[in-house]
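Structure of the sequence below:
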Amino acid sequence: MARVVRNSKFRHIFGQAAKKQDCYENIRITKSAWDSTFCSVNPKFLAIITESAGGGAFLVVPLEKMGRIDRDVPLVTGHKAAVLDIAWCPHNDNVIASGSEDCTVKVWQIPDGGLTSNNLTQAAVDLVAHQRRVGQVVWHPSALNVLLSAGGDMKIFIWNVGKATILTTIDCHPEVILSVSWNYSGSRIVTSCKDKIFRIINPRTGHVVKSGMGHQGAKPARAIYLRDGRIFSTGFSRMSERQYALWDGDNLGNALTMEELDSSNGILFPFYDEDTSLIFLCGKGDSTIRYFEYTSEAPYIHYINTYSSSDPQRGMGVMPKRGMNISTCEIARFYKLLNSGLCEVISFTVPRKSELFQEDLYPDTAAEEHAMTADEWMDGKDAEPRLASVRDLNSGTKSHSNNNSGGLGVNNTNQKQEVVFGKSSTNQKTSPTSPQNSSPQKNANGGGTNLLSQGQHADNEFLEKLVEEMRRVKIIVKGHERRIKTLEERLSQYEAPVDDLDD
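Purely as a prediction, here's the structure:
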């Protein structure tokens, strides 16, 4: 019986690594044995956990500063022990959270342009409650200032970062928490634990709503929420074979599907694209990235292809959709950490002949704007992330980020809560305590002048974007003109013999 090829617009997606000069090299990547991706990226910055003597540190570099990283580049160095996890805030591209072996969670304000001279040692907010190392930090997808942290003390804390207070303490795990994931609206979390049980938890009360046995293997498993409420997981079988599985969010008793992949021993990190329902599996120590498409009907998980390279990956970061290059039909971009100190950029694209915006590849995606405040969320409000057109976000990523800084970033509630870490490009003059140790001269020159010059800089960037967009449109129009001319010439060749027959 002939095999029927499934019809999908992502069937021909392929990955390609960037040239070395378009990557980042000479990075002292952490040697920690903790199961983390060690990397986080957004449309403005790339952050990588680095090896550090006598404390914890991570590197923050503007995306456009590719190439060889200086050995004495300024770092974020406020932790007293190794950094284990980092995560950029989805509502402000200048704010990043970190968890460390020193039992603390810190939230940092990164100035526009990155760190230029001195190490950043003073965090904007210190969150202290864990008794053991903090292995995971995860931001709420739609509520401003809500951050989750999970530690080796088997506890999860939900924080209001703006007030530096604990909203919820979740203490229901008998062993180490391996992964935590919010659902699409942020009303539930799912956890995987060393006891092999998956738990669906109400993050406001800490009560376990559902639980069920996950993967049977002793090695770590990870679970993430899909957009429709189902749960995708990776783990190991009793025979130590790597698996992935899909679970009903209302019934964790039996997996909807479970497939074995191979017998490698590296943990599988799942990366899920909520817009396209694509799932990428990156194994620690692997040199491959497998990608699948999820559908709501059986068999649910459809294998597409595998990206292969020669170098194993130590960590991995993925760019949010608002940072994609839509002119090349890019739908995913990964930042792969190598043991050699290289951060390799891998772009996944869908080949299309037309140079026009491909609406079917780019449904509206999560914008930087938040949907509710921390207090509203704690009072019981649920809201999905606010969506915006990928074309609009992509055509003005920088200007979009800067323009939203006053009302859409973490500093939205600065005046009410006296939070001092808004976006540096539009901070009030009354924020001398903003932790921008890397550029003290800037603050001393007078806030008004800085605001004016930075506003002009943002306007110039916006104009440059418009000019670039017009140039692209002209190229597209010229291309269409050439195609029309070619078609007319071909048509005239067919018309000539017809005229001869009429004569």
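
Report the next helix or strand after the longest strand belonging to the chain in sequence order.
Longest among the strand segments of the chain by residue count, using DSSP state E, is strand 251-260. Under the assignment DSSP states H and E, the closest C-terminal helix or strand after strand 251-260 is strand 268-273.

Name every strand pairing with that next one and say which way it goes.
With DSSP bridges as the test, strand 268-273 is paired with strand 278-283 (antiparallel).

For the partner strand, the averaged confidence score.
Averaged across strand 278-283, pLDDT comes to 98.

neighbouring contacts of it?
Here strand 278-283 makes contact (CB atoms under 8 Å, 6 or more residues apart in numbering) with 10, 13, 232, 234, 242, 244, 261, 264, 266-273, 289-294, 301, 304, 313, 316, 318, 331-332, 334. For glycine as for every other residue, the C-beta is placed from the backbone atoms N, C-alpha and C.

Give me the buried stretch members for the longest strand of the chain, please.
Within strand 251-260, the residues scored as buried using 16 or more other CB atoms under 10 Å are 252, 255, 258.

what's next to that strand, contact-wise?
Strand 251-260 has contacts (CB under 8 Å, 6+ apart) with 198, 200, 210-214, 230-231, 237, 241-248, 298-301.

And the helices in this protein?
Applying DSSP state H to the chain gives helices spanning 374-378, 390-395, 397-403, 414-417, 440-444, 447-502.

if we can go back for a sec, I would like a ChimeraX command selecting only the buried ones among the contacts of strand 278-283, please.
Command for ChimeraX that selects the buried part of these, burial taken from 16+ other CB under 10 Å:
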select :10,13,232,234,242,244,264,266,267,268,269,270,271,272,273,289,290,291,292,293,294,301,304,313,316,318,331,332,334
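
Who does the longest strand of the chain pair with, and is each partner parallel or antiparallel?
Here strand 251-260 has these sheet partners by DSSP bridges: strand 242-248 (antiparallel).

Please work out which residues outside the partner strand touch it.
Residues from elsewhere that reach strand 242-248, judged by CB under 8 Å, 6+ apart: 198, 212, 214-215, 217, 223, 230-237, 255-264, 268, 270, 281, 283, 294, 300-301.

Could you list the alpha-carbon positions for it in CSV?
Extracted as CSV, the C-alpha positions of strand 242-248 are listed here (Å, rounded to 0.1, in the frame of the first residue of the first chain):
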residue,chain,number,x,y,z
ARG,A,242,13.9,8.6,24.9
GLN,A,243,10.2,9.3,24.4
TYR,A,244,7.7,12.0,23.7
ALA,A,245,4.1,11.9,24.7
LEU,A,246,0.8,13.9,24.5
TRP,A,247,-1.6,14.1,27.4
ASP,A,248,-5.2,15.3,27.9
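
I'd like the mean pLDDT over it, please.
Mean predicted confidence for strand 242-248 is 98.

same question, stretch 110-123
95.

Buried residues in it, which are they?
By neighbour count on 16+ other CB under 10 Å, the buried set for stretch 110-123 is 110-112, 114-115, 120, 123.

now swap in stretch 330-344 and tell me
Result for stretch 330-344 [16+ other CB under 10 Å]: buried residues 330-338, 341-344.

and the two most separated of the residues you listed?
Spanning the widest gap among those are Ile331 and Gly341, at 28.2 Å by CB to CB.

List buried members of the contacts of strand 251-260 by neighbour count.
By neighbour count, with 16+ other CB under 10 Å, the contacts of strand 251-260 hold 198, 200, 210-212, 214, 230-231, 242-247, 300-301 as buried.
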